[in-house]
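Peer 1: this is a predicted model, with the sequence first.
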Amino acid sequence: MNNLSKEDLIDVINKIKDHLINKSKRDFTVYREYPEAFNNLYTTDVNLINILIKSKMEENKRLEYRMYFFVPYNLSDVQKGIQAGHCALEYAYKFNNDKDYISFIENDKTWIILNGGTTNSSRDSNGELNGSLNRIAETLSNNNINNTVFHEPDLDDALTAVCFLADERVYDYEKYPDYDEVGNDVYGEILYSDWVNLIGGDKNVLLRELIKGKKLA
């Protein structure tokens, strides 16, 4: 708590106040319809308050970043690294003035290369890309997430790497646990929207889902 300024504390208190106002009617409904769940509300409220305070403290610190890559499953280990390197250079060229990229280069420099599955730019009868790697690239672009791709000329310009930056709210599950670990079914959309804000918004939710369970290349 000593790391929080007066303004930070006021911001946290206002968020708690808004949360309590929104939940007052909900609590009454829960008490009437689900009395066995009512006792869980206090514990969940305390968890949320702790997360709000922790999040505000983290805002005053620099976020750590990692650069993530997806590459095809069927390349050699050496080629996976080479294709990731090509893609990293594309990212440096395209986003060299981006503050997040500058912070990553100056402080972090960690690469994570993941198995992206297949590369195939054709589409099926429903218009879906056949290659899982291609679908990843399309998902990032459709959601306005900074990314670059690399097509290997020696492989008929096949897509061989996808690259993007992610801050610690995407990959650090100890600091930023999943919604299921901090939420409660009786909260519905109210607590979920709070959680989304705490981890950096919808784009970070998407990135968490994108890398979850993926194996290293």
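Peer 2: Nice, I can see it.
Peer 1: which SSE is residue 141 in?
Peer 2: Using DSSP states H and E, residue 141 maps to helix 132-142.
Peer 1: all strands for this protein, in order.
Peer 2: 65-71, 111-115, 148-152, 158-167 (DSSP state E).
Peer 1: tabulate these (CSV), appending distance to residue 83, mean pLDDT and mean neighbour count.
Peer 2: Just so you know, the C-beta spots here come from the backbone N, C-alpha and C atoms, and that holds for glycine as well. Listed next are the strands of the chain as CSV, based on distance: least, CB to CB, whole Å; pLDDT from 0 to 100; neighbours: other CB atoms under 10 Å:
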stretch, distance to residue 83, mean pLDDT, mean neighbour count
strand 65-71, 5, 98, 24
strand 111-115, 9, 98, 17
strand 148-152, 6, 98, 20
strand 158-167, 4, 98, 24
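Peer 1: lowest-pLDDT helix or strand in this structure?
Peer 2: helix 35-59 (a mean of 57; mean pLDDT, DSSP states H and E).
Peer 1: quick one: which of the strands of the chain is nearest residue 125?
Peer 2: Comparing those by their distance to residue 125 (CB to CB), the top pick is strand 158-167, with 21.1 Å.
Peer 1: ok, that closest one: who's next to it in the sheet?
Peer 2: Next to strand 158-167 in the sheet, as set by DSSP bridges, lie strand 65-71 (antiparallel), strand 148-152 (antiparallel).
Peer 1: for those, which one sits closest to residue 131?
Peer 2: Closest among those, using CB to CB: strand 65-71, at 10.8 Å.
Peer 1: angle of the closest one against helix 132-142?
Peer 2: Counting by axes from the mean of the first three to the mean of the last three CA atoms, to 10 degrees, strand 65-71 lies at 140 degrees to helix 132-142.
Peer 1: how far does strand 65-71 sit from its chain's centre?
Peer 2: 12 Å (CA atoms, centre = their mean, to the nearest Å).
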